[in-house]
Structures are given as C-alpha cells and as structure tokens.
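Trainee: Pasting the sequence and the predicted model now:
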2 protein chains.
Amino acid sequence: MVAEGALLIEAASEAGIHLRSSCGGQGTCGQCAVKVLSGPVRQKASRFPSRLARQGFVPACQTQVLGDAEVEVPAFSRQARDEVLLEDAGGHRPGVLLEADDESQRRYPLRPVVLKRVARLEPPTVDGNSDDWSRLRTALRPDLQGYADIEEVDITLAATAALPQALRGGDWEVAVYAADLPRRCEVVRVLPAAGSPPPLGLAVDVGTTTVVVHLVDLEAGRVLARTGTLNRQSRFGDDVITRIIHSAEVPGGGVQLREAVRETVNGLVEEALAKSGYEADDVLCAVVAGNTTMQHLFLGLPADQIRLEPYVPVACRYPLVRGSQLGLKIHGDAPVLMIPAVSSYIGGDIVAGLLASGMADRPELSLFVDIGTNGEMVFGNQEWLMACACSAGPCFEGGGISSGSRAVPGAIQDLRIDPASYAPAISTIGGGPAAGICGSGLIGALSQLRLAGVIDRAGTFMPELNTDRVRQTDDGPEFVLVPAPDTSHGRDIAISEVDVKNLLRAKGAIFAGARSLLAAFDTDFGLLDRIDVAGGFGSSLSIRDAVEIGMLPDVGEERYRFLGNTSVKGARLALLSRAALERAGELAGSITVLELSLGSKYMEEFVSALFLPHTDLSLFPSVTRQPGVSGGLGSSAAKGGAGCLST
Amino acid sequence: MVAEGALLIEAASEAGIHLRSSCGGQGTCGQCAVKVLSGPVRQKASRFPSRLARQGFVPACQTQVLGDAEVEVPAFSRQARDEVLLEDAGGHRPGVLLEADDESQRRYPLRPVVLKRVARLEPPTVDGNSDDWSRLRTALRPDLQGYADIEEVDITLAATAALPQALRGGDWEVAVYAADLPRRCEVVRVLPAAGSPPPLGLAVDVGTTTVVVHLVDLEAGRVLARTGTLNRQSRFGDDVITRIIHSAEVPGGGVQLREAVRETVNGLVEEALAKSGYEADDVLCAVVAGNTTMQHLFLGLPADQIRLEPYVPVACRYPLVRGSQLGLKIHGDAPVLMIPAVSSYIGGDIVAGLLASGMADRPELSLFVDIGTNGEMVFGNQEWLMACACSAGPCFEGGGISSGSRAVPGAIQDLRIDPASYAPAISTIGGGPAAGICGSGLIGALSQLRLAGVIDRAGTFMPELNTDRVRQTDDGPEFVLVPAPDTSHGRDIAISEVDVKNLLRAKGAIFAGARSLLAAFDTDFGLLDRIDVAGGFGSSLSIRDAVEIGMLPDVGEERYRFLGNTSVKGARLALLSRAALERAGELAGSITVLELSLGSKYMEEFVSALFLPHTDLSLFPSVTRQPGVSGGLGSSAAKGGAGCLST
C-alpha cells in the first residue's frame, strides 16, 4: 500500500522494483517508462519522449497513483540486479591484463585494520583480583607488540560489557579483535576463543551508478564474497549534480539519498554474509571509497557546496565513524574508514585507484584514466601527481543514450558494420538476444558508423544513404542496429544522431582532459610509459575502437592496462594493509588538481576533440583514414552544450 | 495509569513520588510505608515492622494495586528532594575548614577537558578551494599549540556536517569546541562565533545514596549551578550489594538500575541548565566519579562479580564514552570520562577524593576517611598510598535506623542529654520541628546516651532507669528523643537498642579499618599529620562526638579537616585540569588495596571496636570516663552479625 498521490516510481520502489532514471525525476529521459493498465493515475506535465508516449507509456516519475492501479513495468525500465562489474580485472581482448592484486600485495604487506589475537589469561584469585580489562590488557601485551604501545590500547563500552561472560565462558581463553586505528589500538570485540570467527572487513566502492562490496577475511587476506548492485540513489538522478540538487533543494532529500545508499550497501552486505555464512557482528571494519559527492551523501554531509563555485567540499579527510552511526548492518562499533578525497571532483575512488594502479610508486610516467559516470584522470609518477576531472557524463554507462544499457547480459558489447551492405554483426554479453548497447558497444558503434560512412567526422548522418537502416524520426536521423523482432524486448535498438553527438561530447571531454593534463607539463602522449584504464568497461572495451574515435591517445596498445574497478580494489588494499591506508592519506595530500573549468585551454581542446577522431589528425597517426568522406568542420557538433554533460 | 498488579512503590514512582527504601523491596525496612485509604490492593507476605502495621501502614514495595486505589503517602516515606550535600565543605564546629578549591587549583592549573577557540578563516576562492575542514584545521593551528600536534586534530561526524553552515553563517568566524582527549584532540562542535556560549562541562558524583551534579563554565573555571538529589536506584535497595543482586538476578534488573541512575543524572542536568540558562547541547563533556559498583551500573557493565569472590570488577579504567551512548541529555558527542577505580571496593569516588584532598601530593602522612553509604579510607602521602573499604553500612546516612534520616531540614544534627533528668536538648537542621535524626545526630546520640548512663559501653540499655523516656517494645528497649506531639510528622523519634547495636557495628567497622590500615605499616595514629574527613556529614559532624564513640582516632582536633563531597570536587578538578585528570590515572594505578576480609586481624579489630569507645581505653585518652558504669565485655554487642553491614 502506498499513500494516494505517491509517484509510481516511489510505489514501485516500495514494492522492491527499482526503476531506471537519468533525469532526476523530470520525466524527460524516458527510462522509467511504464504502462498503466487500469486504475486512476494523474500524469504531470513533462517533456516525456513522444515515441514512448505514442506507445502508451507514461513516466513513472511524473505519474501519481490516485487509487488501486495495475501497472506494467517493461523489462527495459527496470534496474537490472547484476549490472555491476564485480570482478577486479579482465581482458579477453587487446591490452595486457594486469594481476594488480599480486603486484599491490607485494607493495603493501598484510597488516589489516582489525586483527585477531587469542589470549590465554590466568584466572583471578583473591590475591590477584585485578579487573577483567586490566587482566586482558596485560595478557595482550606480547601479542600487540609492534601495533601500539600497550598503554594505548583502548576498549569499547560494548566489548567491556561482554568481558566477564567471554572470559568465564571461554575458560579464560578468548579471541580479541582489535582495531589498529590512527594513534591507538582499540578492542572492539571479545569472544570465547573456541570456534571464534576470523576478523572480517568490507571493502566498499560507492559509485554514482553502482555499489560494490567485497567481504574479506582479514586474517587470510582472502575475499569471501563479492556483491554489487545499482546505487538505489539512481532514482533521484543519474549523475552527481542531479543528486546534489536533490539533496539540497528537496526537503528531506539529503536523508533520502543517504538512506538510499546505505540501504544499497546493507543489501550487499547481507547478501555477502549469506553467501559466506557469517553474521553481521563478525564484520568489524569497513573501508569505503567513492567520489567526493558519494562519500558526502553516504556520511550525510551537506553536499551542495560541491557544485557551487568555488566547489568546496565539507571535508576531504573524513571523520572516523562507527557502523552504528551509519546504520550499517555490521558490528555497531566497527570503524568505518573513508578513503580520503582530494577535492570536490577528485574523490576517494581516485585515491583508491592510485593504490590499485601503483603508478604513484613507480618512477615511470603513467596516465590513469577512470571512466565511470564521470571521467577522472591522473598523470604522474612516484615524484608528483596531477589530476583532473572531466564532465564525460554517464554515456559510457548507458545513461543519456536512447538504447543505452549498462554492461549486463543482453547488452551489445562489440559490433562491426559492413561498409557495403551496412549490415551490422553484433556480439552481446551472454550471447543472447540484444536488449541495449553498453559503453564498449557504443564506442564500437561510433567507430564503425564512421568507417562505414554512415556519419561524417562531425558525427552528422550522411544524406541519402542506400539503406533502410537509416531512417528519419521527429528527433532526426537514426541507424537501426537491431530491428524490433530480433531484440529481447521487441523494440528497435538504434543509434540516433542525438546519441552520436552525446557520445562525441563524452569522448571529447575525456581526450581533452588528458591533453590538458599533459599540456600542463608540456608533455605529449609519446612520453607515457603506461596508461591504466579503470572503470565499468571491464574487459569488453576495445582499445582499438577507443583510439579510432579519438577517446584514448593513439599510443601502442601494449602500453594499456585494464584494471577494472580500482576503487573497490584500492579500498580492499587499505583494509588489508595499514601501509596502504597510510599511503592513501599521503596520496590525497600530494595530488595537484588541474581545474579544467578555469582556463580556456580545456575548452579549445574540447572543441577540437568533438570530431572523429579529432580536428588534428596528426594526433592519431594509426587511425584508419576514410577516403571520400570529409567532416564538415564547424558544423553542428561544435555547438557543444550541456547534453549528457554532468557539470 | 499503572498496570493492574503493579506494586504501589512503582505506581508512586511513575507518578513522580519516590518512596524511601533500604531493604531492596523486601518489605522489612518499613521506610516505604503508606496507607491505603480505599481501593483493592493485595499485600504480599513480608516481615513488615509490627509498629507500622499496627498504625495501619502497608509496605508499598510489597503491595500490589488491583484497581483504582487511593493511597496516602506520609512525608516520612517520601524521598526528600534536597537531601543532598551540594556544598563543598563547611565547618561551623571544630575542625579546620579547608578551602580545598584554592589549594587544589593552585596544584592543578586550569586546562579543561574541552576548550573553546575562535577561528577567523579566509573565505575560499577558486584558486584556494580546499575543503571546509582543512581550512578550519589550518586556521586552528596556532590556537591549538600546546594541546596536540595539529595533525592529530580529529572532528566528529556531526561537527563536520555542521561546518558549511557554521562557517558561512558566521561569516567565516567560528567558535570551535575541541575535546582534549588522551592522545588526540577532537572538535566536537562548531558554531558561528558571535554569541557562542562558553564550553560547559559536568562534574558528576554518582553516589549510592545521592547524586550530585556541578555544571561548570570550563573557560572561566566557575561553577554555574550545583544540583543534587537521591539516586533513583534507591528503590531497588539502599546499598551496593542489594543493587548488584537486583542487577544480576532480577530479569531486566541491570537495565532498571542503569536507567534509574541515568534518569537521576538527567534530571539534575536539566535543573542545572534551567538555573543557568544554557542548553543541553552546550554541555560538551562530563567527568563522573562514583564507587566501582555505581560506575559499573551507570555504564551498564555487569556488576555481579564485584560481590563474588575474588571480587573482580569488569574494569577499573573505563572506556571513553559519549553522551549519546549513555542517553545523557547533553551534547551527543560530549566525551564522558569516568574517574578510574582501584578495585571492587575502592572506586573512582576515592580517587577523586584524593585529588580533592591533595594528600597524595604532600610529604606528610595523612589519613583520608570517606564516610558515605560505605566507608573507605586511604593512608599515605606523596610516596605511597594504601586503601581499604570497610562495611560501615548506610547507618550514618540514616539507613537501617528506625528514625534515621539524611541530613535534610528537620533532621536532628546535634543533641545533648542531661544526665540527671535524661531530657535531651536537640538541634535540627533548619531549626524547625524534628523529623528524624541524621548521621551527626546519631553519633551525638550514641555519645550522649553513654555519657548519660542510658546505655553501657556495649550499647546495652541499662535496666530500671528512672525515666519514662526509656520504654520496652516488641523489639527491645528504646529511648524517646522527641515524643510524637513535638515532631513534624506526629510519630515518636526514638533510638532503640537495635539502632544502637547497628551504629556500634558501623562505627566499629570504620575504626577497625583505620587501625588495620595503619597496623599494616606498624604505625599508630599519633604519627598522622592530618585526617581528612569526606562524605555526606558535611559541616555538622562533631569530631568530639565521633572520638567519644570511638569512631575516629583520638588525636587533636586541629589535625582534622572536613572536605565535604570530595567525589564531585575531584571530578570537577579533573574536568578543569588535564593535569588532575592524568593524576587520577596515576593515583588509581598506585594505590595498594588492603583487603580487610583476608586477614583475621581486621575481625579482631572490629570486635574490639564494638564498645564505647573501645575495649582498649588507652587508645582514647581524651574520652570522658563515665564513672560507675562498666561495659559488659563479651556481651551482646560482640555477637556481630550482618545487621546494617553491607558486605
């Protein structure tokens, strides 16, 4: 039951059906389209896509329930449960797969945030009746050497209260779980030793789009379970800016966002615990990475200054908090440590990424590129680091693209278009019928549409092609990749000119960011020893395609490495190694941020990058020339505009 | 409304009427006597005093309400609201009044647990847009010098969340409240500077019988308000043992006791805030002293091992907790520091007492005697300290004595008995009609009854005295001090032989404890430079009377000092001075405890002290000899027994 007047998207959410949305509930993106089969509803005025309206859909985010109603939720409007890259890295295609874990763990020795020690105590006597906590502290002394001076061992109230029973119930042999916190060591749990569990921890990546949790056995240094899902904040908007506005301008919005992400994390923790057979109280710490906005919203900190000049976050080094303070379903006293951020747009996810990449500990020059809902990159080596964030928008995660999809089963991940017949050959994740097109597929499509002569270098559709795959709609021309009968949902999968222009802006932003970063040092891509690519693309991204469209620099593919979700991986390193945690603090303090919005140089680079591959073809010597088709420089693509840009 | 079947004492408590009780709800002490005027009730079987039953009273702790009932609560059954010594010290009679505050504050310089600093920040710009917390931390650097290295300044989550508004609302000039915690400094509150309050703190003495709160301006080092009341735990029993049993053996008993004392403290805090015009959030720290059991129950720690051999408390150094963890009506993040204890029966109240006494910082030999619900004493100087606890019981606070009362208006505090006519001359607190007899009055009565020849040296009533003030009851003889018509409540105020024997055991326990302590060093009282007397007696205790009955050593009165409530005073010193707080930790670790139950020596001393003044009269050279009346050595008093002893 929902209150009369509630929005359909809210009613669905309460029923456990999470709808997609990328416009923040404005009714314009069409992703939450549903059909009302019966019952009274009221649809607010909105710019809902006409093609959906014609098919009888209404925007769930703009339609109120006025009584009992029967509503059909099409599959394409639902958030898929597993649209998340859980694995650390992969690479069935070019690019060298880096076993980052091995390398990282060599760099950072195992010394977890919470350690377990078994202590055997002498029972008290009338002649030796010191209190339980003194007795335990004394017994721990030899075990905690090297962790903290014994005088600095604290204990929580709950662990103190549990002492008498644990000591006597365990016949004076107890398992002690101590958190190795900055400047002190704190006992957070005491159990009878027999049958006591290992200390568990969580590595959490709170992404704008997806949230990933790794449940880790801190003693063995082993991942027990990986879980991931969409960030339930998505119903309040696809990108950080929409969410910040929601948090600041909708009454109770900040609480909604805070609770949405905490529920998301809690669901993943429960799933991971169920998979591994442990209990919430066994989880004794968490390390959380995420972009600055996500970290603020997760902690419940006001985020509105992040989007307002001069873009000042509340904090970049976050206070130490406890599980119970955040309502997390872990041990109430478990310390929750946030990977520190650098600035409003260089967050803890990037700092964690640097831990996982290791570039900050190598002498060679590297470029780290994290393409998530936004794009961030870091240039440098062990001596210095400079970072920038570019407003790539959510295109490469399927946001703002008509047939866009996340990298889930059914998503087109790769495609080729025959230049003669214009017939596409597609490959979907899982091999089943196509349901949409994900980031790597979109990059492939952009590359292939140009090579087949469907679009020009500015992304404009060529007139009068001899194929019925190109057709005109109210919004301009589109290329049908998969006709309705061959898709899983019975709707055409097409790439429109509007999609192409959005993709151009996204790829242009990334390339312009990288160029600006190197230009700040009068450096060019040729001097890079290595380019680390992180983010949701996973293993399906084709470096060749990314270079073809001018998104990534045209250097040898052997210099590229895919690192997967470096945010969760870096969080896990910090969870498992005090050295990595401390290194994260150092890195956050040593990264210089290049504010792209400050100079006109970035805008010049951006405009130059709005072509396929670029206005300056000498930057892309290896890119296939397409004879006979010349881009119309200065045409529509150069108009820029906000489109799918998130800032 | 109360549930049918509820006890009258509970129903009264819910109605805000707190009844007295000293038997832990057994129905035997008669202190909660009420009259049922109408309505159905059921009285359980109990050994309710027959004199009360004859007058139509029932024990409220053993009588259930079965429907609407009208009940009369006599004044003598009510806990008086103000039966608490709030003032620090006093001495209108012999003994030198020590201005302990002056001396203590000379010893411990003002450096409070929470300090306030006003910081003026440069507003952020696009070129200098570090996060709010970094900006504030940098601005605080010069102000916090000497407190903690700036790298070690932490901040709470709530204070972080409040930063943007405080900084911008305060035009970048803010008041920062930082707690100076062990090994780190933590910002707990940030407000716009203009009009910001001083940092406030609480010094709390959680006594078995009474709870006292001092609300302190930490900047000025000034007490803003003193409040005190009875510990609401009293309805569960008068002494620590009864309460421990209740906490361990009654389901939910521990929670009842925990909540009762926290409610008591909260009521006092609210009253102090109302008096001074501040708000709960202005109170940013608390230092709590109390005996070991009270500290355990206040924190919700299991207390049952305290009373079981080998008498092991859960902790003597307590974890740092926050206001919100304890449900205190102060700032949720306010650190609540407990003065450390030494052992099960030497608690934080005694450690606080040593801070206030200063004996641990002087070269001279001193004896510190704290007579509260139990009696504890410490012997030593700046080199060494030895302590013991003796089971004096609550007699001197009026507990277990038929007409006993706390030191409140109407209580007889002093009296003389004419040896010829046996007519008493009494003096009551406040000068009004007598309502009972408090500790100093009881000591006076014991002394005067012997001097007047009413009782012998063993406390036995002399037979066939020529006065109708002595009369026989079912329970033995009693001496009527004030006949019913002259009292405030219309009942006789009398001292019975049972009372006398209880008082003998109480005073004997104290003297035997002191003797045993000094005997451990082969020392006698003559070597003492000073005897500090602390506790609820306040200013009304007559040293002369206490020596006459053999409770305190027979040394010159000029060596005695009354210090009042040293527990709250020591807590206040620790609140105001980091040096005092650290000294408390050192003291707790350096006090040797003499376990009186271990040797037969104490029992010998105790038996010898069950006479007036003692079996060995050479110990009391100044005591008035009473010619013609010889004590019957080996008679009834020597039988000992539990009586009002609490262990």
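Mentor: Looks like it arrived, so ask away.
Trainee: how long is stretch A:18-26 end to end?
Mentor: End-to-end distance for stretch A:18-26, by C-alpha to C-alpha, to the nearest Å: 17 Å.
Trainee: Could I get the average pLDDT for that stretch?
Mentor: Stretch A:18-26 carries an average pLDDT of 71.
Trainee: cool, stretch A:556-564 as well?
Mentor: 90.
Trainee: And stretch A:331-346, by the same measure?
Mentor: 98.
Trainee: Ignoring the adjacent residues along the chain, who's closest to the residue in the stretch 401-550 of chain A that chain B sits nearest to?
Mentor: Of all residues in the stretch 401-550 of chain A, the one sitting closest to chain B is A:Ala520 (15.2 Å; C-beta to the nearest C-beta). Heads up, the C-betas are built off the backbone N, CA and C, glycines and all. Closest residue in space to A:Ala520, ignoring its immediate chain neighbours: A:Leu594 at 5.7 Å, by C-beta to C-beta, 6 or more residues apart in numbering or on different chains.
Trainee: Okay, the one you found and A:Ser343: tell me how far apart.
Mentor: 10 Å (C-beta to C-beta, to the nearest Å).
Trainee: Same drill for those two, tell me which one is more crowded.
Mentor: Shown here are A:Leu594 and A:Ser343; by other C-beta atoms under 10 Å in any protein chain shown, A:Ser343 has more neighbours (23 against 20).
Trainee: quick check, that one in a helix?
Mentor: No - counting by DSSP: H, G, I helix; E, B strand; the rest coil, A:Ser343 is not part of a helix but coil.
Trainee: Make sure it is actually in contact with A:Thr292.
Mentor: Yes - between A:Ser343 and A:Thr292 a contact is recorded at 7.0 Å, counting by C-beta atoms under 8 Å.
Trainee: what touches both of these two?
Mentor: Residues touching both A:Ser343 and A:Thr292 (C-beta atoms under 8 Å, 6 or more residues apart in numbering or on different chains): A:313, A:316.
Trainee: So which bits of the stretch 251-400 of chain A are right by chain B?
Mentor: Neighbours of chain B within the stretch 251-400 of chain A, by C-beta under 8 Å from any C-beta of the partner chain: A:299-302, A:304-305, A:309-321, A:325, A:341, A:343-344.
Trainee: Kindly recompute the last result at 10 Å.
Mentor: Selection of the stretch 251-400 of chain A residues close to chain B by C-beta under 10 Å from any C-beta of the partner chain yields A:254, A:292, A:296, A:299-306, A:309-322, A:324-326, A:336, A:341-344.
Trainee: Which ones among those residues map onto strands?
Mentor: A:321-322, A:336 (DSSP state E).
Trainee: What are the phi and psi values at the most centrally placed residue in chain A?
Mentor: Nearest residue to the geometric centre of chain A (C-alpha atoms, centre = their mean): A:Gly207, 3.2 Å. Dihedral angles of A:Gly207 (phi, psi; degrees, to the nearest 10) stand at phi -90, psi 160.
Trainee: ok, and the closest non-adjacent residue to it?
Mentor: A:Gly372 (5.9 Å).
Trainee: so who does A:Ala179 touch?
Mentor: Residues near A:Ala179 by C-beta atoms under 10 Å, 6 or more residues apart in numbering or on different chains: A:112-115, A:154, A:156, A:185-189, A:199, A:284-285, A:320, A:333-335, A:337.
Trainee: Narrow those to just the buried residues.
Mentor: By neighbour count, with 16 or more other C-beta atoms under 10 Å in any protein chain shown, the contacts of A:Ala179 hold A:112-115, A:154, A:156, A:185-189, A:199, A:284-285, A:320, A:333-335, A:337 as buried.
Trainee: now, which of the contacts of A:Ala179 lie within strands?
Mentor: Among the contacts of A:Ala179, the members that lie in strands (by DSSP E) are A:114-115, A:154, A:185-189, A:284-285, A:335, A:337.
Trainee: how near is A:Arg362 to A:Arg572?
Mentor: On the measure of C-beta to C-beta, A:Arg362 and A:Arg572 end up 20 Å apart.
Trainee: my bad, A:Ser405
Mentor: In this view, A:Ser405 and A:Arg572 are 28 Å apart by C-beta to C-beta.
Trainee: So which bits of the stretch 101-250 of chain A are right by chain B?
Mentor: A:123-137, A:148, A:151-152, A:154-165, A:167-168, A:181-184, A:186-187.
Trainee: Can you pull the poorly scored residue ranges out of chain A?
Mentor: A:1-3, A:16, A:22-24, A:75-76, A:79-106, A:143-151, A:537-539, A:598-599, A:626-647 (pLDDT under 70).
Trainee: care to break it down by domain?
Mentor: A:8-77, A:114-192, A:199-338, A:359-647 (automatic domain parsing).
Trainee: which one of the ones you listed is the most hemmed in?
Mentor: Mean neighbours per residue, mean count of other C-beta atoms under 10 Å in any protein chain shown, is largest over those for domain A:199-338, with a mean of 22.
Trainee: That one: how far from the chain's middle?
Mentor: Relative to its chain's centre, domain A:199-338 lies at 12 Å (C-alpha atoms, centre = their mean, to the nearest Å).
Trainee: for that domain, how far is the first residue from the last?
Mentor: 19 Å.
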